[in-house]
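> need a 3D model of the sequence below.
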Amino acid sequence: MSQEIKLRQYTLVMVLLNAFTTPLMLSAVNVALPHIARDLHMTAVELSWIPMAYLMASAMFVLIFGRLADLFGRKKIFLLGTVAVIVTSLIAAVASDDYFLLAARFLQGISAAMLYATQVAIITSVFPREQRGRMIGYTIAAIYLGLSAGPLLGGYLVDLYGWRASFVFHIPLALLVLLIAFLRVPGDWSSEKNESMDLSGALIYAGSITLLCVGVTMLPAVTGMISVLLSVGGFGWFIRHEHGVGSPLFDVSQFFINRVFTFSCMASLIMYTATFANVVLISLYLQYILGLSATAAGTVMMIQPLTMALLSPFSGRLSDRVEPRVIATVGVIITVSGLLLLAALTAESGLAQVIIALITTGAGFSLFSSPNVNAIMSSVDKRYFGSATAAMATMRIMGQLASMVVVTLVFNLLLPGARLTDNNVEQLGLAISATFAAASVLCIAAIFFSLSRGRVR
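So this is what the prediction gives:
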């Protein structure tokens with residue numbers, strides 16, 4: 001076996017392990033949310049900040065680390081992120097109050113941004129074009145396997161040892177990633193040795209995200225509206241700044257000249273906005289409204305990501321042969337069906353309806369995700385792999401963040417200042433249904449962008 005093939009194999013294992021471990025922890029924490037709320041006496045809106053603080057930090061820093069990876073090496077940033085995830089997970093596990101925990105979650109999000117910005121870039125740097133869709137499919141499948149295993153293992157550990165266990169049980173696998181990287185994956189990959197870092201753009205972008213998240217929390221107050229409007233203006237300023245700077249943090253030129261890239265990114269942004277909050281909302285629905293234990297809830301919650309894990313390699317391989325926009329658009333339509341089923345859930349709904357809805361949304365999203373990633377990476381030149389990966393990760397994380405922004409907004413309107421107790425279960429159910437209904441409407445725009453993107457081949 002040649003050295004090149006061995007390098008590809010070890011690199012794939014290294015990336016797949018990390019693609020599995022981070023969402024493993026992330027999904028386990030979602031199961032632990034009711035336990036955290038009770039232990040730290042958090043309101044519904046404060047509880048929504050546990051996933052949102054993580055996503056806000058990831059969104060703020062993923063572009064920065066994508067650019068640094070292009071400048072100084074994708075493997076360096078990848079390994080630094082792995083070490084940082086280990087350290088920040090330990091910090092979160094010993095949090096003594098809600099502010100401590102939210103700060104730790106923010107640091108976790110920064111750490112994860114290093115991984116989000118480099119995983120697919122490393123895969124596309126190592127594997128030839130004809131194998132790219134399949135390897136991307138494996139990477140996405142590993143993410144979904146982590147999302148599948150997290151609720152089950154996390155729920156079991158939370159029932160046995162408390163919510164703090166959900167932050168640490170992934171650490172041994174992260175240590176294995178470091179071992180493989182140092183012993184079996186020599187060298188590094190970078191592409192822009194003679195360019196600089198756009199610090200002004202980074203500050204504008206990070207500030208805009210902060211204004212958005214803080215503003216939504218304060219809505220419908222006037223200060224919240226002003227903060228949200230300032231964030232929108234900030235994003236416009238950021239795009240204008242990046243279009244004119246010599247060494248941009250985010251190469252927005254692709255959005256103006258590459259229709260496939262632009263529409264694929266927009267479809268991704270909308271789909272993640274519509275679906276990411278599923279895991280949080282279903283966790284609350286199963287444990288508060290149906291009264292399931294963390295273990296039982298985790299078992300049900302793993303159905304959607306497990307469906308994604310099983311179908312993603314198939315859809316990735318299929319997108320190497322069939323035009324990605326066709327497969328992805330069918331996936332969006334199926335996802336809408338699942339979201340409508342979730343919007344119809346009530347306290348009287350049986351688990352069968354929940355399971356069918358989760359299988360449907362999982363199948364739809366898996367048919368969308370791998371082909372959409374393949375379309376994005378296949379639409380750009382090799383020297384833009386790092387930037388394209390960062391753009392793709394940004395769309396995903398911004399979509400996830402927007403999804404939690406929607407949840408926070410709905411909770412702030414329907415459960416203002418309320419702690420989650422048996423006395424407001426009916427209000428919680430209404431908030432959950434309203435969020436799923438809004439998500440299904442959002443997918444109409446995703447269908448348009450997916451179908452109209454144009455051909456990759």
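> helix or strand for the closest residue to Leu115 other than its chain neighbours, which one?
Excluding its sequence neighbours, the residue lying closest to Leu115 (C-beta to C-beta, 6 or more residues apart in numbering) is Gly81, at 4.4 Å. Bear in mind the C-beta positions are built from the backbone N, C-alpha and C, glycine included. For Gly81, the host element (DSSP states H and E) is helix 74-93.
> which of the residues in that helix are buried?
74-82, 84-86, 88-89, 91-93 (16 or more other C-beta atoms under 10 Å).
> which other helices and strands contact it?
helix 3-40, helix 44-72, helix 98-116, helix 119-126, helix 171-184 (3 or more C-beta pairs under 8 Å, 6 or more residues apart in numbering; DSSP states H and E).
> how about these in JSON lines, adding distance to Glu242, mean pLDDT and mean neighbour count?
What follows is the helices and strands packed on helix 74-93, written out as JSON lines (distance: least, C-beta to C-beta, whole Å; pLDDT from 0 to 100; neighbours: other C-beta atoms under 10 Å):
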{"stretch": "helix 3-40", "distance to Glu242": "27", "mean pLDDT": "87", "mean neighbour count": "21"}
{"stretch": "helix 44-72", "distance to Glu242": "10", "mean pLDDT": "85", "mean neighbour count": "25"}
{"stretch": "helix 98-116", "distance to Glu242": "18", "mean pLDDT": "93", "mean neighbour count": "22"}
{"stretch": "helix 119-126", "distance to Glu242": "19", "mean pLDDT": "83", "mean neighbour count": "24"}
{"stretch": "helix 171-184", "distance to Glu242": "32", "mean pLDDT": "90", "mean neighbour count": "15"}
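> for Thr435, find the nearest of these.
Closest approach to Thr435 among the helices and strands packed on helix 74-93 (C-beta to C-beta): helix 44-72, 10.8 Å.
> and that closest one with helix 3-40, angle?
With axes from the mean of the first three to the mean of the last three C-alpha atoms, to 10 degrees defining the directions, helix 44-72 sits at 160 degrees from helix 3-40.
> just checking, what packs against helix 44-72?
Applying 3+ C-beta pairs under 8 Å, 6+ apart, one finds that helix 44-72 contacts helix 3-40, helix 74-93, helix 98-116, helix 199-218, helix 385-414.
> mind checking which of the ones you listed is nearest Leu157?
For Leu157, the closest of the helices and strands packed on helix 44-72 is helix 3-40, at 7.4 Å, according to C-beta to C-beta.
> other SSEs contacting that closest one?
Helix 3-40 sits against helix 44-72, helix 74-93, helix 98-116, helix 119-126, helix 129-161, helix 171-184, helix 278-284, helix 294-301, with contacts defined as 3+ C-beta pairs under 8 Å, 6+ apart.
> relative to Leu311, which of those helices is closest?
Among the helices and strands packed on helix 3-40, helix 129-161 sits nearest to Leu311 (C-beta to C-beta), with 8.5 Å.
> helices and strands around the closest one, which ones?
Packed next to helix 129-161, using 3+ C-beta pairs under 8 Å, 6+ apart, are helix 3-40, helix 119-126, helix 278-284, helix 294-301, helix 303-319, helix 351-378.
> the same query, at a cut-off of 7 Å, please.
On a contact count with 3 or more C-beta pairs under 7 Å, 6 or more residues apart in numbering; DSSP states H and E, helix 129-161 meets helix 3-40, helix 119-126, helix 294-301, helix 303-319, helix 351-378.
> what's the closest non-adjacent residue to Ala92?
That would be Ala104: by C-beta to C-beta, 6+ apart, it lies 3.7 Å from Ala92.
> one more: Leu292?
Leu286 (4.6 Å).
> again with Leu318
Distances taken as C-beta to C-beta, 6+ apart place Ile327 nearest to Leu318, at 5.9 Å, with adjacent residues excluded.
> got a list of what Ala297 touches?
For Ala297, the contact set (C-beta atoms under 7 Å, 6 or more residues apart in numbering) comprises Val31, Gly155, Ser283, Leu286, Gln287.
> out of those, which one sits closest to Phe167?
Val31 (12.0 Å).
> what about Ala446, which SS state?
With DSSP: H, G, I helix; E, B strand; the rest coil as the basis, the three-state label of Ala446 is helix.
> which residue is the nearest non-sequential neighbour of it?
Spatial nearest neighbour of Ala446, chain neighbours left out: Ile270 (4.1 Å); criterion: C-beta to C-beta, 6+ apart.
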